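**Student:** A predicted structure for the sequence below; I have some questions about it.
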Amino acid sequence: MKNVIGIFVLATGIALFYAGCSKKEQTGIPSGAMNIKEAADSLYSDAFDLMATNYDSAQSIIQSLQLLPGFDTDTALIIRHTSLLAYSAMVRSLYDSAIFGYTRSYILSKAINDTSFMDAALNNTGIGFKNLGLYEDALDYYLASLKIKLARKNPRLIGLTLNNVGNLFIQLKKSDEAIKYLTEGLSYARESEFFHLESTLLNNLANAHVLQESYDSALYFYNQALDINKKIDYQVELSRNYHNIGNLYHRLGRHKEGHDQLKKALEIRLALPSVYDQLETKGALGKVLADQGNFQQGLSFLMEKNQFSKDHHIPHLHLESLLELSNVYEAMGDFMKSLEHRKNYDRIKDTLHNEQLNDKIKALEIKFETDQLKDALEQSEYVIRLQKAGLEREHFIATLWMLLSILMAAFIVLLVYAYRKKVQSERLIAEKTRENLETRLLLLEQKHKMQDIHSLVNAQEQERVRIARDLHDGLGRLMSSILLSVGHLRQETKENNVTEEIKWVEQNLQQVSHEIRAVSHNLMPPSLLKFGLLQGLEEYLSQIEKKTKISISLDHDFDESSLNDFQKVMIFRMIQEMTGNIVKHSNAKDAYIQILSDTHDLYLTVEDSGVGFDQQNASNAKGIGLSNIRSRAHLLGAKMQLHSEKGKGTTYHIQIPVHYVNHTHEENIIGG
């Protein structure tokens, strides 16, 4: 009997031991330290709430997460930290960094079966791809997130995701699928009495029906949303309702009703902070007024929209307003102004198309890199399984030694010590191996990315050389021949009226010839092609001084022969960007450029005496070319410093390694 009791007590002890170990494995936090997880959750929540309003405070909280005990080994803490870093990147519109971060968060969450963070990572990755314009990829992530939400049975979250999916189908012009998901989302919003979401879903359902040209159905859903927003006093969505209904009436030719609805939308939006929404409605009102024959008031709204979008660099809004102004001037019979706005529209449209093409290429690169990263992280799950298997073996052996401890106490202590040392060593080796693999993967990704960027830059520069030569040698020579012919014709013509006409044609042809030469020189100065960097710069700066009256001095002491073609072109383009900024933004009267070198580096300094700018807001500034300058400096392996204060001018310092190894040294850019 005593033996039976002893065995029962021993079995109970083993069960309790396993229970304690199991709890430790599931939480990832040692027994008695659950307050660490609570602290991590609290820090995560605080940082998440502060990110959009107080970025610096949020960053401080993120850093404090790393100071929690066990951070390096606790997967749950690492997931929270990774998710916050990804959200930080998302807030700053760094969508590639955000997508990579959320991909890591998803893989780690999946490894420990944390469905909450899996869901958040999938949803936010979808948002990142949507902002990059990759709607099909965003849709895949939204649908994966929806699957998890359906299993968790949270009707509000399900409704929100169904709305996101429906909106993506609208962007993809797939109205039937959009209506399917939005209708399903509407049932979840009504089930949870989530009225704000219900009104949003109704608005989007109406938009899907507009896409199908089912205007009666669209008007029905717009009015349903309108009734809800009046009841809950949801001003933002209420203004959106009036705006959408006004646009629909305008489309149907019911201009008076459209005008009344848009006026209601504008009254609400003028009391709200979004200037973008105000201008959107003013633009719609301008079109309606013009169609009613009230051209002056319509032009007033449209010109306000055009000026704001131009000043604040909102390309698609600016493009839209130029086309609208062109149409109104055409209706007024002012064909010169109509043509002027149409030309501006075509020019900006081409520029925007090229920017969108570059953004599309970048987005596809991010998609490719994300897939590679996901594959690599998926494979690392094998390491996680090995670690879990090692823990199970450790527990089993510990239990076995406990059963034999009465007979072999001293021997067991030595054996356990040796075993633990071995496991520790194996873990260190495994960790170092994983770190080496991650480092190699990162270097490989960076190498491929740099190769792609180098190839793209080379292609762009060679295309500039080709176009410049074609303009100069082809079209330029043709214009010269035409000018000679017109000159002979003028000399041989006796009639005064005809002579005046020919003289007018000759003057305009000369102007066109000058413009062609200016465009050719801007694309690639001939002196840069023939004589190198220094003479190319001198010619370029001379042209700027003639056009702008800005005095620019160039001080140089460097060995141009130590630079390859790629470095010369990149340095020229950076100076082109910086002097362009001086002309466009600085209001400076003079500027100074210095180029020096030693055996290892070339030092470039560009400074002006202009108005300067606030560096704290430089990351949000559009059109000052800072990202282009930094990108080209990065391609040269250069270090760049920028100093600017309002009223004190701007100074650039760039240190370029002369013998920096890149993948373009063998390609002759200048030679074409």
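**Tutor:** Arrived safely, thanks for sending.

**Student:** Now do the end-to-end distance for stretch 596-610.
**Tutor:** 24 Å (Cα to Cα, to the nearest Å).

**Student:** I'd say Ile654 and Gly637 touch.
**Tutor:** No. With contacts defined as Cβ atoms under 8 Å, Ile654 does not count as touching Gly637, sitting 11.1 Å away. C-beta: built from backbone N, CA, C; applies to glycine.

**Student:** The two: which has the busier surroundings?
**Tutor:** Ile654 (25 against 15; other Cβ atoms under 10 Å).

**Student:** ok, that one - contacts?
**Tutor:** Ile654 makes contact with 574, 603-605, 633, 638-641 under the criterion Cβ atoms under 8 Å, 6 or more residues apart in numbering.

**Student:** now do 10 Å
**Tutor:** By Cβ atoms under 10 Å, 6 or more residues apart in numbering, the contact list for Ile654 reads 571, 574-575, 578, 595, 601-606, 629-630, 632-633, 636, 638-642.

**Student:** do the same with Phe169
**Tutor:** 135, 139, 175-182, 204, 208, 211 are the contacts of Phe169 under Cβ under 10 Å, 6+ apart.

**Student:** again, 7 Å this time
**Tutor:** 177-178, 181 (Cβ atoms under 7 Å, 6 or more residues apart in numbering).

**Student:** which of these lies closest to Ser60?
**Tutor:** Tyr181 (40.2 Å; Cβ to Cβ).

**Student:** check which helix or strand covers that closest one.
**Tutor:** Following DSSP states H and E, one finds Tyr181 within helix 175-191.

**Student:** Show me what the next helix or strand after that helix is in contact with.
**Tutor:** Counting by DSSP H and E, the next helix or strand C-terminal to helix 175-191 is helix 195-211. Applying Cβ under 7 Å, 6+ apart, the contact partners of helix 195-211 are 159-160, 163, 166-167, 170, 173, 175, 178-179, 182-183, 185-186, 189-190, 217-218, 221-222, 224-225, 228-229, 232, 234, 237, 240-241, 244, 248.

**Student:** Buried by neighbour count, from the residues you listed: which ones?
**Tutor:** Buried by 16 or more other Cβ atoms under 10 Å: 159-160, 163, 166-167, 170, 175, 178-179, 182, 185-186, 189, 217-218, 221-222, 224-225, 228-229, 234, 237, 240-241, 244, 248, out of the contacts of helix 195-211.

**Student:** re earlier: now, the contacts of Ile654 that are in helices?
**Tutor:** 571, 574-575, 578, 629-630, 632-633 (DSSP state H).

**Student:** Return a PyMOL selection command for the buried portion of the residues you listed.
**Tutor:** Remark: buried members of these, expressed as a PyMOL selection using 16+ other Cβ under 10 Å:
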select buried, resi 571+574+575+578+629+632+633
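
**Student:** Of the ones in helices among the contacts of Ile654, which one scores lowest on pLDDT?
**Tutor:** Across these, the smallest pLDDT goes to Arg632, namely 84.

**Student:** all helices of the stretch 201-350 of the chain, in order?
**Tutor:** 215-232, 235-251, 255-269, 275-291, 295-311, 315-332, 335-403 (DSSP state H, counting those that start in this stretch).

**Student:** if we compare the ones you listed, which one ends up closest to Asp56?
**Tutor:** Nearest of those (Cβ to Cβ): helix 275-291, 26.1 Å.

**Student:** Average pLDDT for that closest one, rounded please.
**Tutor:** 87.

**Student:** Run through who's touching it.
**Tutor:** Contacts of helix 275-291 (Cβ under 7 Å, 6+ apart): 239, 243, 246-247, 250, 255, 258-259, 262, 265-266, 269-270, 297-299, 301-302, 304-305, 308, 317, 321, 324, 328, 331.

**Student:** ok so, going back, check the helices of the stretch 201-350 of the chain for me: which has the lowest mean pLDDT.
**Tutor:** Among the helices of the stretch 201-350 of the chain, helix 335-403 scores lowest, with a mean of 62.

**Student:** thinking again about what came up before, does anything pack onto the helix holding Tyr181? Which helices or strands?
**Tutor:** Packing partners of helix 175-191 (3 or more Cβ pairs under 7 Å, 6 or more residues apart in numbering; DSSP states H and E): helix 155-171, helix 195-211.

**Student:** Mind jotting down where the helices sit in the stretch 451-600 of the chain?
**Tutor:** Going by DSSP H, counting those that start in this stretch, the stretch 451-600 of the chain shows helices at 476-492, 496-523, 526-531, 533-548, 565-581.

**Student:** tell me the angle the last one makes with helix 533-548.
**Tutor:** Taking axes from the mean of the first three to the mean of the last three Cα atoms, to 10 degrees, one finds helix 565-581 and helix 533-548 inclined to each other by 20 degrees.

**Student:** in helix 565-581, what counts as buried?
**Tutor:** Result for helix 565-581 [16+ other Cβ under 10 Å]: buried residues 565-579, 581.
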